[in-house]
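[1] sequence and predicted model, in that order:
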Amino acid sequence: MPELGISDTQFGLLTGFGFALLYTIVGIPLARYADTGHRVWIMTVCIALWSLMTVLCGLATEITIGSLTIGAFWVLLMCRVGVGIGEAGCTRGPTPSSPTITHPVTGLKRWVFTPWVSRLAPCLPT
């Protein structure tokens, strides 16, 4: 990716591994906690984290702490990991958002309603 000044490997880490690894790993404990905890608070914290990390992705630059310099790529990678963690608590799948949205719908209506929520979620503005 010459326009970003990073290699293909670094681009792959940013868009694939760095995001998907923690998205997957963190999604499981979040879903488990959502069964016993307060789903709305979990989603609130995750949306705030997701939003903050998205902003920080746009502001990622080289950081110098004393004599230690952290390159812009590593800062951006950590921000992308934060985006993955925040998104893990808000998107489809076994996360707090699914039961929170479908809980008010009961019986046979839930059986019909739940697949439509999953299908329409990608169409919603992000």
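    Done, it's in.

[2] got the confidence number for the residue lying closest to Thr54 once chain neighbours are set aside?
    The shortest distance from Thr54 to any residue other than its chain neighbours is 5.8 Å, reached at Val83 (CB to CB, 6 or more residues apart in numbering). For the C-beta atoms, the positions are set from N, CA and C on the backbone; glycine is no exception. On pLDDT, Val83 comes in at 87.

[3] same thing with Phe113?
    At Phe113, pLDDT is 54.

[4] Val105 now?
    As predicted, Val105 sits at a pLDDT of 54.

[5] can you start the count at 645 instead of 1 from here on
    Noted, 645 is the first residue going forward, which turns the last one into Val749.

[6] mind checking the pLDDT average for the lengthiest helix in the chain?
    With secondary structure taken from DSSP state H, the chain has its longest helix at helix 683-703. Mean pLDDT, computed over helix 683-703, is 87.

[7] in that helix, what counts as buried?
    683, 686-687, 690, 693-694, 697-698, 700-701 (16 or more other CB atoms under 10 Å).

[8] nearest the middle, which residue of the protein would you pick?
    Glu731 (1.9 Å; CA atoms, centre = their mean).
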